[in-house]
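[1] pasted the sequence and its predicted model underneath.
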Amino acid sequence: MRKTLIENLFRGKLTEPPPPVADGEIADLVSTLARTTQQRLGRSLAIRALDAGSCNGCELEMIALGNAYYDLERFGLKFVASPRHADVLMITGPITIAMREALRLTDEAMSAPKFVIALGDCACTGGLFANSPACIGAAAQVIKVDLHIPGCPPDPITILKALIGFTDSLKHPAAGRA
Amino acid sequence: MMVNSRTWQAAASDLATGRSIFVALWAEAQDDGCIIHLAGRPQGSGEVRLLSLAAPDRLFPSIAQHHPAASLMERALCDVHGLTAEASPDPRPWLDHSTPYLFKPVTGDGVHQIPVGPVHAGIIEPGHFRFSVNGETIIRLEVRLGYTHKATLGLMRGHMIDHAAQLAGRISGDSTVAYAFAFARAVEQALGIKAPPRATALRGIMAELERLANHFGDIGAICNDGGFPLMNVLTAALRERVLRLAATCFGHRLMMDRIIPGGVTTDLTAAHAKLVLTTLTDLRGQWARLFELYEKTASLQDRVVTSGWLDPMIAQRLGCGGYVGRASGQDFDARRDACYPPYDTLAITVPHLTAGDVDARLRIRMAELEQSVTVIRTLLATMPPGALCTPLPDPANLTTIERNDARVGHALIEGFRGDIFAHVRVHRGRIEDVMLRDPSWFFWPALEAAIEGNIVADFPLCNKSFNPSYSGCDL
């Protein structure tokens, strides 16, 4: 164990520095995200992931956001275990009929102000499952969605980039459902 | 082959005695009733055989009454097609959630229940676990799935091959390469075509990269649930390296839609082939150190050794494949035993253990990492030149006989979890019938058996060591 720890200490961190400002996006993300989330919700934004019938591809990329390369928590964003702790409900999958009630209960358990993000093509439009008799389709058909992040699945950088647009929208006083 | 009810029951008792291994059970709607298909293979062989039984009155003799491993698939097909399995030991609905579910009663002094899910605490797929416990000890676990049911097979039926191939790649996102591979092989067999040698070599490389990425993720996640998050942090970084390598070489981190019926969509340049080799050498150096860390951390060993013991007898009866079967004495790997290109020219050694605990399932994964690297290196060293895809016959140009002739194909492909079975019937370029069977169908009942007698706090650890797919079974 000591060997591994020392080795990792000297190897330096894997976490990627924000790219040059000219490139823009991540550097923007760090500053804007920190500023806006602080303004509205203190230092952090708590996300509750809800799989409403995903193939698990989107979940894999959500999990990847937590690895050392992206280190989601340095931006004040974190996935939480209970909807009662969450500011954001992040929905994946084409809303199967079997998950509709669980989705409703999860939404109900969250306190205001709360926001909903549809992650991945299935949650955005129903994707390949839009015509399925077992699915409702887009998340927007059952709940008010504040942000859509398309992709099959969206990669971690795409998700991070999208979150900046979302936090920008938080600046507007009308944001969030009371 | 169409059979009568007597042959059907005889086949079921062959499954029960272990003469043959259960592969899949599904149904197909016809104008006048339904046809039930049963796929099995002889013990130790990868050669799948099909039996079909007509169910004109929507009734058929239950397979599960002889062979309980078929129970979940039987209940699922009854829900989807409105069929009744006669003398079924468990006629409760499975995919159909319209009525309250009756869990099996567990009674006794101090016994109580803990309901968990379908929404879990982490970033996990939805499913419900009903624990009956006495104090800390789990007496019985009942798993209730169907929450991700998307009627995927129904969406594939009647559609063109390319559309169905996309859906096949989304049965379970973590196994998208393996599913696309299995579906493509089944279609190719049905149409009587072969993917070019370069395409099959690239398929092998993608399949092994998928195995590496998932095994890294699993190894870390198991250790994390064993209270050792350091390992998870380190293996998650290795997994990310593999996904980035896949994105660079094949244009998609999970390599979705890269394998198509007929071949592959993406070539590997010489520069990218070199990148694969250097990345693998680097990763290998790192994980050797991690495995040493795993073995020398006593607190972690204390959690994984003897936990979640799966009796080899149960693994055999259920027909468990993959790391679950191989950690409980089952010496089966479709890459060797169903022998398909590119593995037909490679010597595949199948690591297997008999301990059957969380530790054994983790060690199988570690051994398979080494093997995947060897396979990729061999494939890169012998990479044939040539085309990437064999065009599928154009339905418009078929002869009259071919046009009226529906063709059947099937395949058994080793995904990271275990063997995935694919079956298709193609008619005029459209999918008439399809079945894609995930290894997890047998992992769920195996997990229910293995968890008995463990403490509730060890459930996440044990569950992760099986890592069954939800979406893969909720077809």
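    Cool, the structure landed.
[2] would you point out the helix or strand in chain A whose mean pLDDT is lowest?
    The weakest-scoring helix or strand in chain A, judged by mean pLDDT, DSSP states H and E, is helix A:25-41 (a mean of 55).
[3] what's downstream of it, the next helix or strand?
    Using DSSP states H and E, the helix or strand that follows helix A:25-41 towards the C-terminus is strand A:45-51.
[4] does any bit of that following strand sit next to chain B?
    Yes: Strand A:45-51 is in contact with chain B by Cβ under 8 Å from any Cβ of the partner chain, via A:Ala49, A:Leu50, A:Asp51. Using the backbone N, CA and C atoms, a C-beta is placed for each residue, glycine as well.
[5] the second one pairs with what?
    On DSSP bridges, the residues paired with A:Leu50 through beta bridges are A:Ile91.
[6] next up, the contacts around it.
    A:Leu89, A:Met90, A:Ile91, A:Thr92, A:Ala102, A:Leu103, A:Thr106, B:Val119 (Cβ atoms under 8 Å, 6 or more residues apart in numbering or on different chains).
[7] which of these sit farthest apart?
    Using Cβ to Cβ, the two most remote members of these are A:Met90 and A:Ala102, lying 14.5 Å apart.
[8] which of these two has more neighbours?
    Each of A:Met90 and A:Ala102 has its neighbours counted (other Cβ atoms under 10 Å in any protein chain shown); A:Met90 has more, 26 against 19.
[9] hang on, that one packs against A:Ala46?
    No: between A:Met90 and A:Ala46 there is no contact under Cβ atoms under 8 Å: 10.6 Å.
[10] kindly state the pLDDT recorded for the residue of chain A at minimum distance from chain B?
    Per Cβ to the nearest Cβ, A:Gly57 is where chain A lies closest to chain B, at 2.8 Å. For A:Gly57, the pLDDT comes out at 98.
[11] excluding covalently adjacent residues, which one is nearest to it?
    The shortest distance from A:Gly57 to any non-neighbouring residue, by Cβ to Cβ, 6 or more residues apart in numbering or on different chains, is to B:Gly173 (2.8 Å).
[12] over to B:Ile123?
    A:Ala49 (4.6 Å).
[13] burial count for the one you found?
    Quick note: A:Ala49 (other Cβ under 10 Å) scores 25 neighbours.
[14] residue contacts, it?
    A:Ala49 neighbours (Cβ under 8 Å, 6+ apart): A:Glu59, A:Met62, A:Phe79, A:Met90, A:Thr92, B:Gly122, B:Ile123.
[15] among those, name the buried ones.
    Buried residues within the contacts of A:Ala49, counting neighbours by 16 or more other Cβ atoms under 10 Å in any protein chain shown: A:Glu59, A:Met62, A:Phe79, A:Met90, A:Thr92, B:Ile123.
[16] quick check on the third one: phi, psi?
    What that stands for is A:Phe79. phi -90, psi 130 (degrees, to the nearest 10).
[17] ok, the first one next?
    The phi and psi torsions at A:Glu59 (degrees, to the nearest 10) take the values phi -60, psi -40.
[18] same check, this time on the last one
    Summarising the backbone geometry of B:Ile123 under the convention degrees, to the nearest 10, its torsions are phi -90, psi 80.
[19] that one against A:Asn56, yeah?
    No: counting by Cβ under 8 Å, B:Ile123 sits too far from A:Asn56 to count as a contact (9.6 Å).
[20] would you agree the residue nearest to A:Gly57 is in contact with A:Ser54?
    Yes: applying Cβ under 8 Å, one finds B:Gly173 in contact with A:Ser54, separated by 7.3 Å.
[21] now for these two: what residues contact both?
    With Cβ under 8 Å, 6+ apart as the test, B:Gly173 and A:Ser54 both reach B:Ser471.
[22] more neighbours: those two, which one.
    It is A:Ser54, of B:Gly173 and A:Ser54, that has more neighbours when counted by other Cβ under 10 Å, with 33 against 26.
[23] list the contacts of that one.
    A:Thr92, A:Gly93, A:Gly120, A:Cys122, A:Ala123, B:Glu125, B:Thr148, B:Gly173, B:Ser471.
[24] check B:Ile193 too.
    Neighbours of B:Ile193 in contact, by Cβ under 8 Å, 6+ apart: B:Gly262, B:Thr390, B:Leu392, B:Pro393.
[25] which parts of chain A are strands?
    A:45-51, A:77-79, A:88-92, A:115-119, A:147-149 (DSSP state E).
[26] state the mean pLDDT of the longest one.
    In this model, strand A:45-51 carries a mean pLDDT of 94.
[27] and it with strand A:88-92, angle?
    30 degrees (axes from the mean of the first three to the mean of the last three Cα atoms, to 10 degrees).
[28] chain center to strand A:45-51, what's the gap?
    7 Å (Cα atoms, centre = their mean, to the nearest Å).
[29] any idea which element the spatially closest residue to B:Arg365 that is not a sequence neighbour lies in?
    In this structure, B:Arg365 finds its nearest non-sequential neighbour in B:His215, 4.4 Å apart by Cβ to Cβ, 6+ apart. Element membership of B:His215 [criterion: DSSP H and E] is helix B:197-225.
[30] the next helix or strand after that helix close to chain A?
    As assigned by DSSP H and E, the chain's next helix or strand after helix B:197-225 is helix B:229-250. Yes: part of helix B:229-250 sits near chain A under the criterion Cβ under 8 Å from any Cβ, namely B:Leu230, B:Val233, B:Leu234, B:Ala236, B:Ala237, B:Arg239, B:Glu240, B:Leu243, B:Ala247.
[31] stretch B:296-311 now?
    Yes: with Cβ under 8 Å from any Cβ as the criterion, chain A is reached by stretch B:296-311 at B:Lys296, B:Thr297.
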